[in-house]
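S.K.: Fold the following for me, if possible:
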Amino acid sequence: MLNEKFLNIEFTDLIDIETIQRFQDSFSDATGVASVITKPDGTPITKPSNFCSLCLLIRKTKKGLSNCYNSDAVIGRQNQEGPIYQKCLSGGLWDGGASISVDGKHIANWLIGQVLNKDSDEKRILKYAKEIGADENEFKNELQKVTRMPLEQFKKVVNSLFIFANELSDKAYQNLQLKIHQEHLEILVKEKTEELEAAIEELRATNEELHDKSEIINKQNQSLKTTLNELKEAQAQLIQSEKMASLGILTAGVAHEINNPLNYIMGAYVGLNKIHSQKSYQDNSETLSVLIDSLKTGVDRAANIVTGLNYFSRNSKSLNEDCEIHSIIDNCLTMLHNQTKHRISVKKDYCDSEILITGNSGKLHQVFLNVLSNAVQAIHQKGEITIGTKTTHDNIEVTVKDNGEGISSENLKKITDPFFTTKQPGKGTGLGLSICYNIIKEHKGELSFKSKLGKGTTVIISLSKTT
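M.R.: So this is what the prediction gives:
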């Protein structure tokens with residue numbers, strides 16, 4: 001269930017209204033039905049699309065508007081089994097609806113309809129004008145303009161609506177998870193920033209008294225400042241870039257990996273502070289050297305992690321970059337290390353020489369991160385992933401093989417289709433492999449799969465050395 005902090009989350013907090021308005025308008029134009037997205041109580045969120053003039057006339061009356069809101073709330077009630085379609089509780093036209101939920105919380109209704117069919121009781125509808133105080137002649141004229149549609153056709157439209165509403169629910173859940181991950185990352189970076197700034201300040205004070213060691217300490221101090229700035233830049237990129245949706249689930253792992261070099265730095269600081277407080281510089285010259293080496297080790301490891309992060313934040317459209325495939329794969333494995341260690345053995349069967357191709361480094365990072373992440377998720381307990389590379393004169397081939405749960409032959413044909421996924425709602429959009437497929441095609445390559453249920457999956461990526 002939802003975190004207590006997000007219990008009052010609303011549809012407009014998770015979905016861009018301008019985008020969904022365009023999508024809603026297009027849906028109405030394509031199907032010929034009226035459409036609107038409302039709050040669970042029936043209050044409109046979006047502007048109505050293709051609303052018939054009869055319903056606008058009904059909503060001009062106080063009673064008619066109240067009945068419409070009540071009807072919208074009933075038709076859009078939360079229902080995971082399928083869409084709801086019935087006659088409107090206000091005007092009597094046929095309406096349909098599907099609920100939009102996030103982690104069990106009903107946040108919106110998507111309602112369509114305002115159509116008649118041959119079974120509609122038009123006499124009863126005309127009597128409704130008098131009940132709500134509407135002009136009966138105007139009411140009769142507007143009724144003739146209402147869209148006619150066979151009930152079976154309308155049911156098909158409602159079923160399509162249910163599919164779209166479920167996709168919106170998944171999208172809302174992902175956006176909520178991204179908000180949570182971003183908030184956690186901001187807190188983590190803020191805490192680590194404060195710790196590093198405190199360590200820098202104390203080291204600066206120590207430098208003033210350690211004149212004979214000032215040059216060495218100043219170099220380490222500058223390295224710490226550089227690392228801090230790179231971490232801040234990485235944070236800004238994570239929050240602002242759309243690619244961070246794919247990195248959201250890795251936030252905890254990245255934080256853990258950063259903690260290791262920070263422990264080196266903090267341990268060295270504690271040792272230096274102790275020697276300084278005892279004024280025992282000459283007696284501990286060897287220890288000082290070890291502590292300074294620890295500072296350098298910590299800084300180098302932190303810098304390597306930040307460098308890996310920067311690759312994922314690149315937004316270049318160029319296909320003329322030098323891309324070293326082994327380095328790209330190793331960067332992705334670094335990002336996934338916290339998910340694989342102690343659980344999954346990663347074997348590298350690389351060819352002897354480096355593999356350098358021309359392409360887009362950021363996009364290739366996205367491909368290999370997605371493929372490796374899928375392999376990790378396919379292994380529920382302990383397992384093994386083998387990564388192999390080989391090269392010919394003009395092409396390279398990378399294979400990623402896991403011994404996870406595997407994919408059925410039926411699903412194997414569809415895994416690169418947009419929105420197709422076998423994961424639980426909220427665990428994936430079904431766009432990852434579709435995007436990877438297009439990126440590989442853009443690089444004049446091929447993406448193929450071999451898999452059997454219970455036997456694991458092999459992904460084969462073939463790339464041209466020049467695009």
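S.K.: Would you mind measuring the gap between the ends of stretch 344-357?
M.R.: 29 Å (CA to CA, to the nearest Å).
S.K.: Buried residues in that stretch, which are they?
M.R.: Neighbour-count burial for stretch 344-357 flags 344, 346, 350, 355, 357 (criterion: 16 or more other CB atoms under 10 Å). Heads up, the C-betas are built off the backbone N, CA and C, glycines and all.
S.K.: What about the residues you listed, which are in strands?
M.R.: In strands, judged by DSSP state E, the following of the buried residues of stretch 344-357 are found: 344, 346, 357.
S.K.: Among these, which one sits closest to residue 335?
M.R.: residue 346 (12.6 Å; CB to CB).
S.K.: wait, isn't the closest one in contact with residue 333?
M.R.: Yes - contact criterion CB atoms under 8 Å: residue 346 and residue 333 qualify, at 6.3 Å.
S.K.: Residues that sit against both of these two, list them.
M.R.: Jointly contacting residue 346 and residue 333 under the rule CB atoms under 8 Å, 6 or more residues apart in numbering are residue 340.
S.K.: Give me the contact list for stretch 153-167.
M.R.: 27, 31, 33, 82-83, 85, 94, 96-100, 110, 112-113, 115, 117, 419, 425.
S.K.: May I see the buried residues of stretch 344-357 organised as a markdown table, with pLDDT added?
M.R.: Below are those laid out as a markdown table (pLDDT from 0 to 100):
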| residue | pLDDT |
| --- | --- |
| 344 | 93 |
| 346 | 94 |
| 350 | 95 |
| 355 | 92 |
| 357 | 91 |
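S.K.: out of these, what pair is the most spread apart?
M.R.: Most distant of those, by CB to CB, are 344 and 357, 27.3 Å apart.
S.K.: Mark which of the contacts of stretch 153-167 are part of helices, please.
M.R.: 27, 31 (DSSP state H).
S.K.: Okay, helices next: where are they in the stretch 251-400 of the chain?
M.R.: With DSSP state H, counting those that start in this stretch as the criterion, the stretch 251-400 of the chain has helices at 251-278, 285-313, 325-340, 361-378.
S.K.: looking at the ones you listed, which is closest to residue 219?
M.R.: Nearest of these (CB to CB): helix 285-313, 8.9 Å.
S.K.: State which helix of this protein is the longest.
M.R.: Identified as the longest helix of the chain according to DSSP H is helix 151-209.
S.K.: Spit out the contact partners of residue 381.
M.R.: Residue 381 sits next to residue 343 when contact means CB under 8 Å, 6+ apart.
S.K.: Please report how far it lies from residue 119.
M.R.: Noted for residue 381: a distance of 56 Å to residue 119, by CB to CB, to the nearest Å.
S.K.: Equivalent analysis for residue 334, please.
M.R.: Separation of residue 334 from residue 119 (CB to CB) stands at 64 Å.
S.K.: got it, and residue 154?
M.R.: Residue 154 is 11 Å from residue 119, where distance means CB to CB.
S.K.: Give me the three-state assignment for the nearest residue to residue 131 once chain neighbours are set aside.
M.R.: Leaving aside its sequence neighbours, residue 131 sits nearest to residue 63 (CB to CB, 6 or more residues apart in numbering; 7.4 Å). Following DSSP: H, G, I helix; E, B strand; the rest coil, residue 63 is assigned to helix.
S.K.: Next: residue 461.
M.R.: strand.
S.K.: thinking again about what came up before, more neighbours: which of residue 334 and residue 119?
M.R.: Using other CB atoms under 10 Å as the criterion, residue 334 and residue 119 rank with residue 334 on top: 17 against 9.
S.K.: For the closest residue to residue 76 other than its chain neighbours, give the beta-bridge partners.
M.R.: Nearest-residue entry for residue 76: residue 109, 2.4 Å, with adjacent residues in sequence omitted and distances by CB to CB, 6+ apart. On the basis of DSSP bridges, residue 109 is bridged to residue 38, residue 99.
S.K.: wait, isn't residue 109 in contact with residue 95?
M.R.: No - counting by CB under 8 Å, residue 109 stays clear of residue 95, with 10.7 Å between them.
S.K.: shared neighbours of those two, anything?
M.R.: In contact with both residue 109 and residue 95: 72, 75, using CB under 8 Å, 6+ apart.
S.K.: which residues sit against stretch 60-71?
M.R.: 41-43, 55, 57-59, 88-91, 95, 131-134.
S.K.: what about the residue nearest to residue 100 when sequence neighbours are not counted, how many neighbours?
M.R.: Leaving aside its sequence neighbours, residue 100 sits nearest to residue 108 (CB to CB, 6+ apart; 4.2 Å). Residues lying near residue 108 (other CB under 10 Å) number 27.
S.K.: thought residue 108 was touching residue 46?
M.R.: No - using CB under 8 Å, residue 108 makes no contact with residue 46, being 9.4 Å away.
S.K.: what's the overlap in contacts for these two?
M.R.: Common neighbours of residue 108 and residue 46 (CB under 8 Å, 6+ apart) are residue 37.
S.K.: and residue 323, bridged to which residues?
M.R.: residue 357.
S.K.: nope, residue 391 is what I was after
M.R.: Beta-bridge partners, per DSSP bridges, of residue 391: residue 396.
S.K.: got a list of what it touches?
M.R.: Contact analysis of residue 391 by CB under 8 Å, 6+ apart lists 351, 353, 355, 397.
S.K.: quick one: the first one and residue 323, what's the gap?
M.R.: In this structure, residue 351 and residue 323 are separated by 16 Å, where distance is defined by CB to CB.
S.K.: before we move on, what about the third one?
M.R.: Counting by CB to CB, the gap between residue 355 and residue 323 amounts to 9 Å.
S.K.: again, but for the last one
M.R.: The gap separating residue 397 from residue 323 is 15 Å, by CB to CB.
S.K.: Kindly report the same for the second one.
M.R.: Distance of residue 353 to residue 323, computed by CB to CB: 15 Å.
S.K.: Give the helix, strand or coil label for residue 417.
M.R.: coil.
S.K.: Skipping adjacent residues, who's closest to it in space?
M.R.: With CB to CB, 6+ apart as the criterion, residue 417 has its nearest non-adjacent residue at 6.6 Å, and that residue is residue 434.
S.K.: ok, the one you found - how many residues close by?
M.R.: Residue 434: 17 surrounding residues under other CB under 10 Å.
S.K.: one step back: so residue 397 and residue 323 - more neighbours on which side?
M.R.: Shown here are residue 397 and residue 323; by other CB under 10 Å, residue 323 has more neighbours (22 against 17).
S.K.: Quick check, that one in contact with residue 364.
M.R.: Yes - with contacts counted by CB under 8 Å, residue 323 reaches residue 364, the gap being 5.6 Å.
S.K.: Can you check which residues contact both of these two?
M.R.: In contact with both residue 323 and residue 364: no residue, using CB under 8 Å, 6+ apart.
S.K.: Tell me how far residue 215 lies from residue 324.
M.R.: Taking CB to CB, one finds residue 215 at 35 Å from residue 324.
S.K.: Equivalent analysis for residue 35, please.
M.R.: 50 Å.
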